[in-house]
Every structure is written in structure tokens, then in C-alpha cells.
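In: no FASTA, just this:
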């Protein structure tokens, strides 16, 4: 018992790659959860942003702790830019959906079925 | 004149009438007078040539036979038969040279007569062309030296007879008579064909010479003498048909439906003589039994027809039966061995019988005109009871007719006397040699009957009173084209032309010297009495025969005169007293009725039986197969349920078959059944196959198709539908569900395929 708690403390006091990976995994899962479960289309978009950011953390963590170069950070900047452009387009699509269906509830936009 | 010249001349004589036929058939309409002058003049040319041939033959080559043969087809070596080739050729010997002249004289004079008789006829040109083809065929029979060409010409003569008898085919009796003549002839020809084939099978050749040489060397058909007799009798069958012998004589009286000149040419002088000619040609190969058969047939024929002739009233029918009777005489003469006499009678008979027919034609022609003149279409111009007293109005016809009658009765100074006398002497000789007097008795009796019925005709036609005086006035003598042939035939009926000997009762002369009985080539055991033996007996029988024949002829004439001229005997009363006999004779011994009953009805009966078999049995089987196929297709299920007996029986049978099928399958697949389980599996498999087969039959092929095949297809479709419905659940239309699935799939890929 004591050994366990002592290990946890050591773990928590010495941040390394693993801590960042855990964080990004958590963020990623929360993002997936949001995509799959939120009813509001804009909430789905937020989930997508979360996923992207989780990937960003992953990139930077690996770049800091595995290779000493700045490749990961550069990729993260690219991702942020892409996320911004993608968010703009997604919001435009959601606007159009609202204009067509008069709702942003994804459960109600099911005309592609049978 | 060499051999080649004689042969060439005879070929020309043979082909002239054929040329006449071809020209008249194709161009007859366009020729002036439809070409009758062409045929007649060609025939006279042929006659002149034949006379030249005869004269040359008898003076320069008296005892030779001039032949020419070509190979028609050579089959080489036929497996199972040996070398086979067919030769054709012509031969000129004394009898064929004489026959050439006989045929040509009669044909030429008949052509001449027909110009007058058939004037204005509806098919004048065609008539002359048919006369041409007939003459050609008859000359073919005369000149040929092998059985094959003889058979061909034989059939052609039969055909010409059919065409000419049926000349007025609009009349049903005429077309029926033509058919009857051809069919009855054919019956005889079948026998002849079999006889020829027997000889061919043995000797591998058709040529007379080769066959006779083979026989002389000892070869007999199939190595047995009975076969040789059979062959001889069968070949004689052809003569029975063609020469109207008993029992195939029934066609000749019906053949009188044809024009009278046709009757003169074909059914008196030439075609019917062809049968006799055949016997003379094949005389050397006849065994004693065959000759006896021939003699008896001839005698029976002569007797039957003479008795019928005395009761006939149509002038042509009397002459027809007289012809049959005289042919019987000729055949009888040949049968007893009097070869020269038989052939002699053939030649003399040709002359006076043709004359008799032409004379009757002249009378009928005159009667026709008279009846037409008085607009009488009821009276029969051929019935002698309607005639009488014609001798004053038709002198030439009468005097020539009288000459012919004297000839046929055998009165001295005529040719007929000589020939008939020879035959009767021959029969007496035969009787003396064998002790069998049946034939001579018949011969003399028939001679008496002949005299009787011929003079009956003469008296009733030419003497006495004509019923209708007006009609008698309009009768006049026939034109010259018709009387000239009559006169010529009458002249030829005198004895002189056949002997060249001034003695009117002696038969010695060029004819008998030219026609000698051939030496028989038959093995000695079955040959008839040899030539020398027979001639010896003939010599002794001559005088008694002559006396006897004169007596019977005289008796016959006396009775005829007594009955019809002096009216001492009442013919009608006699007919009344002997009514059954008279009826029997008038109805021609009921031969036609007998044949009708036996052969015609018999054939119809057989045809009816075959028809029944065909429609009931054969069609039944065919229809049954169809119905069975339909039953199998539709399946017998409905029929089974309805309780059709046939269906149930069918299913029972099919059950057995199914069980057997299962058994076979089982035993084939498990040949070594081991232990209980093996046996069980075996049994199960058998039952399975049995069940399946039975099910198949139950359901039927159609049912098979409907229920099983379609069932399978439907099942597959249903399955697809089921799975499709299943898959439908995934299709929610919500993006998030799709994303979730995709995520899940990616994770599976990650974890599984690392």
C-alpha cells in the first residue's frame, strides 16, 4: 500500500512523456465521446476540435521527449491552422444544414437512410 | 448380202416404228392429217425390208442363226455371285425372220385400215403413235436373243395394249378393260420373271444361246431337274398371261372395248402370238413335264373358249373367244411336240384372224353409219342378231370374210387347213405315243365347235333377213382403204404362200423346211419324245387326222347351217331346254365373277384388315406414347388422388422400380457391407434413393420442375431477402452511428492486424 502511494507520488512529481500521452489519450476519448453522443451539431464540432488538440499534444510530447528536434511543434502549428480552416468550413455546412432542415439536431438529419 | 447387212436391215425394221412414234408424239398435231401417212408408209417400208431379210435368210443362210451382241453393263466380279455381265443383242433366224414379215404385214395393213376406220376420231394422231410403239415393242420381242430384252419388250407390248384398249377412255368399260388387261398380264409376267431369274441365278446370263449351251453341257438350275421343269413352267406363265390361256384368259374378251383395228393387230395376230413365240424360243429347254403342262393348258383353253363362243352374240366377242381358242390350239400343238405345226398355225392364224377382225370392223363401221343415219342410238351395231342379209350390200367384206371363215374351219385350199391339220396330226401322234387320248379328243371336238360358231356368225351376219329394211338400205360397202387390206389378207389365207407347193393338201414347202423343231437340250431323263420318234409317229398320224378333221369340220358346218340357215333346228328351243348350260356359257363360265369374288374382294378384305391394324394398333401405340409422356410430365399426383385406376397401377409399378433403383444404388455403393452398421447404412441409403425416386415419379417431371426447382430458386431468394432485412437495421441515417461503427472497425484492425 505504501509502496504504491509512494510510486504514484514519484510518478506525479516527475513529469515525462507518459504523462503527456495520458493527457492526450484522455482528451482524445472525450472528443470521440462528444462526436458520437452529442445531439447538437456544433457540439460534434467541438468534439472534433478536442480530438485534433489531443493529436497536437501527442505530436509535441513526442517531439520534446523522443527527438530533440522541433518537428512535432511545426506539425502542431500545421494542425492548428488546418483545424481553424476546417472549423470554418464545418460551421458553414452546419449553417446550411440549419437553413435546410431548420434544426441542428443530428438525430433528425437522417434522410440518407432508406 | 452379208451378215452385217441383214442385221443392220433388221435393226432398221425394228427402229422405224419407234421413229414413227417419236415423230408423231412430238409433231403429230402439226403434220397434215396428223401423220397417218407417215406411220403407214414407214410400216410398208419396214415390210419391204423384212421381206428382203426373209428371202435372203432362206436362200443364202437357211440353217444359220445370225446374231449380234453388245455388252450393256459389266459388273465384274460380284461378291457371292461370281462374274456378272449383261449382254444385249438381236438374232435373225428363220422363225424371227418369218415373224418379222408377219408382224409387219399385219401392222402395215392395220395402219391402212385404220385410216378409214378411225376417220374423225377424237384422238386420231395419238392412236397412230401408239400403233407405232406397239409395233416397235413386238419387233423387239421377235428380234431379241436374250431374256432381258424379251422381258423389256414384253412389258412394253403390255403397255401399248393398255394404251390402245383404253383409247376411248371416257367410256368406263374401256378404261376398266385396259386396266384388267394390264393387271392380268402382269400376273403372268411375275411368273415369267421368276422363271428368268431362276435361269439367271444358275447360268449367270440372259442369253438364250448361252443358257442352252449350258444346259446341253449338263448344267441344270440349282442342280436339280425339277427346278428346270419349274423354270420352264414359270416362263410359260408369261405366255399364259400374254396369250390369254386359261386361267388368265379373262382379259382378252374385255379388250374388245378397243377399236377394231387394234383388236386385229394386237389381240389377234401379234401380241397374243408373243406368248406362243416365247414358247417356240424356249422350246429346247422344256422338259417332258413342262411340255405336258403346256399341252394341257392349251387344250383346256381351246375347249373352254370354244364353248363360250357358241353362246355369244357380239361379233367381236365371238372372234375374241375364237382367238383364245386358236391360241390354245397353238400352245397345245407346241406342248405335244408339234413345233412346226404350232408356229405354222401362228403365222396362218395371224393372217386370217386379222382379216376376220378387220372384216368385222368393216361390218361394224357400216352398221354404225346406218344407225347414225336413222338416228338410232339404242341398237348395238356389234350384235349379230341385229344384222342379216348384208352379203348383197357389202360384197367384198362378205367374200373375204367367207375366205377367212373357211380358213379357220380348216377347209382345204386354205392355209388354215394345212396348219390346223398339222396340229391335229401332232396331237394324234402324241396320243399314239403316250396312250393319252384326252388331248386329241379335245382338239377334234374344238375343231367341230369352231366350224359351228364361225358359220353361225357368217350366216347370221351376212345371210337371212335384216330386221329393218330402211337400215339395210343405208348400209354400203366400206371405202377402199378398208377393203384393200381385207382382200390382201384373204389372198394370204390361201395355201400357196405358205408352201410354194401346188398340192393344196400337202404341207411340204418352204415354211416347214425353214422351221424345224430344235433339238432339246434337256437332260435325257426328263426330255420329251425325241424329234425323230415324234416325226415318225406324226407321219403315221397324218392321214387319219386329215380325215377326222374334215369330218368334224363338215359336221360343225352342217349343224350351223341346219340351225341358222335351213332353220331345221330351233336354236332358242335348244337354249331353253339346256338353260343352265346355256346360261353358264353366256356368262363365260362365270370366270369374271369368280375372280371378282376371290381376288378383288379378297384384296379389299386384306386392305381393310391392314387399315384396321394401322388405325387401331399403330395409331393407338403412337397416341398412347403421347398420353404417357403427358402423364409423366404433369405428375400422377392428381390422378392418384382422384383414384384413376391407371394412375394407381402406374404408381405401383413405379414403386417397384424405385425400390429396385434404391437396391441397385445401395449395392453399388456399399459392395462390402460390414457389420450391423454397414447393413443399416446400406438399408438406409437404399430407402433414401427409393424414396427420392418414388417422390420424383409422384411429383412427376413437371412437378419436379414446378415444385423442386422453382422451390430452390424461391428459397434462395427468400434467404437473400432475410439477410437483406437484417442488414437494413444498420442503416439508421444518423451520421454518428456510422462513425461509431467505423471507429469500432478501425480499432479492430489496429488490435488484430498489428
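Out: Done, it's in. The structure displayed is predicted, hence computed values, not measured ones.
In: residue A:17 reaches residue A:60, doesn't it?
Out: No. Residue A:17 lies out of contact with residue A:60 (CB atoms under 8 Å); the separation is 10.7 Å. Just so you know, the C-beta spots here come from the backbone N, C-alpha and C atoms, and that holds for glycine as well.
In: which non-adjacent residue is nearest the most centrally placed residue in chain A?
Out: The centroid of chain A falls nearest to residue A:51 when counting by CA atoms, centre = their mean (1.7 Å). What sits nearest to residue A:51 in space, not counting adjacent residues and going by CB to CB, 6 or more residues apart in numbering or on different chains, is residue A:31, at 3.7 Å.
In: before we move on, back to that, residue A:17 and residue A:60: which is more packed in?
Out: Per other CB atoms under 10 Å in any protein chain shown, whichever of residue A:17 and residue A:60 has more neighbours is residue A:60, with 17 against 12.
In: and the pLDDT for residue B:643?
Out: The model reports residue B:643 with a pLDDT of 59.
In: ok so, going back, the residue nearest to residue A:51 touches residue A:50, doesn't it?
Out: Yes. Look at residue A:31 against residue A:50 with CB under 8 Å: they come within range, at 3.3 Å.
In: quick revisit: now do the contacts for the residue nearest to the centre of chain A.
Out: By CB atoms under 8 Å, 6 or more residues apart in numbering or on different chains, the contact set of residue A:51 is A:27, A:28, A:31, A:32, A:35.
In: packing partners for the top helix by length along chain A?
Out: Secondary structure of chain A read by DSSP state H shows that its longest helix is helix A:71-101. For helix A:71-101, the packing partners by 3 or more CB pairs under 8 Å, 6 or more residues apart in numbering or on different chains; DSSP states H and E come out as helix A:41-65.
In: quick one: the helix it packs on to chain centroid distance?
Out: Put simply, helix A:41-65 sits 3 Å off its chain's centre (CA atoms, centre = their mean, to the nearest Å).
In: now it: buried residues?
Out: Using 16 or more other CB atoms under 10 Å in any protein chain shown as the test for burial, helix A:41-65 gives A:41, A:44-45, A:47-63, A:65.
In: for the closest residue to chain A within the stretch 251-400 of chain B, give its distance to residue B:358.
Out: With CB to the nearest CB as the measure, residue B:251 is the residue of the stretch 251-400 of chain B nearest to chain A, at 99.5 Å. Distance of residue B:251 to residue B:358, given as CB to CB, to the nearest Å: 21 Å.
In: please apply the same query to residue B:560.
Out: 22 Å.
In: tell me which of the two has more neighbours.
Out: Neighbours were counted for residue B:560 and for residue B:358 using other CB under 10 Å; residue B:358 has more, 34 against 24.
In: quick check, that one in contact with residue B:260.
Out: Yes. Taking contacts as CB under 8 Å, residue B:358 lies within contact range of residue B:260: 7.2 Å.
In: for the most centrally placed residue in chain B, which three-state class applies?
Out: Computing the C-alpha centroid of chain B and ranking residues by CA atoms, centre = their mean puts residue B:186 first, at 1.8 Å. Of the three states, residue B:186 takes helix under DSSP: H, G, I helix; E, B strand; the rest coil.
In: check contacts around it.
Out: Residue B:186 makes contacts with B:158, B:241, as judged by CB under 8 Å, 6+ apart.
In: and what of residue A:86?
Out: residue A:48.
In: now do it against residue A:41, distance only.
Out: Residue A:86 sits 14 Å away from residue A:41, going by CB to CB.
In: which parts of chain A sit against chain B?
Out: A:32, A:35-37, A:44, A:106-107, A:109-114 (CB under 8 Å from any CB of the partner chain).
In: show me where the chain dips below the pLDDT cut-off.
Out: Went with chain A since none was named. Scanning chain A for pLDDT under 70 picks out A:113-114.
In: that answer is for a different chain, and I need it for chain B
Out: For chain B (pLDDT under 70), the answer is B:631-648, B:650-651, B:663, B:665-679, B:681-682, B:693-694, B:696-706.
In: quick check, the residue in it closest to chain A?
Out: Closest approach between chain B and chain A, counting by CB to the nearest CB: residue B:733, at 2.9 Å.
In: so that residue: helix, strand or coil?
Out: From three-state DSSP, the assignment for residue B:733 is coil.
In: now do residue B:77
Out: Put simply, residue B:77 is strand when judged by three-state DSSP.
In: beta partners of it?
Out: Beta-bridge partners recorded for residue B:77 (DSSP bridges): residue B:83.
In: in this structure it contacts residue B:85, no?
Out: No. In this structure, residue B:77 is not within contact of residue B:85 by CB under 8 Å, at 10.3 Å.
In: can you pick out the residue with more neighbours from those two?
Out: residue B:85 (14 against 8).
In: touching, the more buried one and residue B:74? I think so.
Out: Yes. Between residue B:85 and residue B:74 there is a contact under CB under 8 Å: 3.9 Å.
In: where do the contact lists of these two overlap?
Out: With CB under 8 Å, 6+ apart, residue B:85 and residue B:74 have no common neighbours.
In: ok now stretch B:401-416, how far from the chain's centre?
Out: Averaging C-alpha positions (CA atoms, centre = their mean) puts stretch B:401-416 33 Å from its chain's average.
In: what comes up buried for it?
Out: Neighbour-count burial for stretch B:401-416, counted by 16+ other CB under 10 Å, picks out B:401-411, B:413-416.
In: closest one to residue B:590 out of those residues, please.
Out: Lowest distance from residue B:590 to the buried residues of stretch B:401-416 (CB to CB) belongs to residue B:408, with 26.8 Å.
In: which parts of the stretch 601-750 of chain B are strands?
Out: Here the stretch 601-750 of chain B has no strands by DSSP state E, counting those that start in this stretch.
In: for it, which residues are neighbours of chain A?
Out: Counting by CB under 8 Å from any CB, the stretch 601-750 of chain B comes close to chain A at B:728, B:731, B:732, B:733, B:734, B:735, B:736, B:739, B:740, B:743.
In: quick check on these: which are buried?
Out: The buried subset of these (16+ other CB under 10 Å) comprises B:732, B:734, B:735, B:736.
In: you'd agree residue B:120 is in a strand?
Out: No. Using three-state DSSP, the assignment for residue B:120 is coil, not a strand.
In: can you get me a residue count around it?
Out: Residue B:120 is flanked by 5 other residues according to other CB under 10 Å.
In: what sits against residue 24?
Out: No chain specified, so I'll use chain A. Taking CB under 8 Å, 6+ apart, we find residue A:24 in contact with A:54, A:55, A:57, A:58, A:61.
In: you looked at the wrong chain, it should be chain B
Out: B:31, B:34, B:35, B:38, B:39, B:125, B:126, B:128, B:129, B:132 are the contacts of residue B:24 under CB under 8 Å, 6+ apart.
In: right, and the helix or strand after the one helix or strand it maps to?
Out: Element membership for residue B:24 (DSSP states H and E) is helix B:3-27. Counting by DSSP H and E, the element after helix B:3-27 in chain order, helix or strand, is helix B:36-60.
In: in that following helix, what's buried?
Out: B:36, B:38-40, B:42-44, B:46-47, B:49-50, B:52-54, B:56-58.
In: swap in stretch B:249-265?
Out: By neighbour count with 16+ other CB under 10 Å, stretch B:249-265 contains the buried residues B:249-265.
In: next: stretch B:106-119.
Out: B:106-118.
In: so how far is residue B:298 from the closest residue to residue B:436 other than its chain neighbours?
Out: Excluding its sequence neighbours, the residue lying closest to residue B:436 (CB to CB, 6+ apart) is residue B:430, at 7.3 Å. Note on residue B:430: its distance to residue B:298, by CB to CB, is 12 Å.
In: and which of the buried ones among the residues of the stretch 601-750 of chain B next to chain A is nearest residue A:1?
Out: Among those, and counting by CB to CB, the member closest to residue A:1 is residue B:736, at 43.2 Å.
In: ok, residue B:45 - contacts?
Out: Residue B:45 neighbours (CB under 8 Å, 6+ apart): residue B:16.
In: neighbours of residue 84, how many?
Out: By default, I'm working from chain A. As a burial measure, residue A:84 scores 11 neighbours (other CB under 10 Å).
In: meant chain B actually
Out: 14.
In: all set, thanks.
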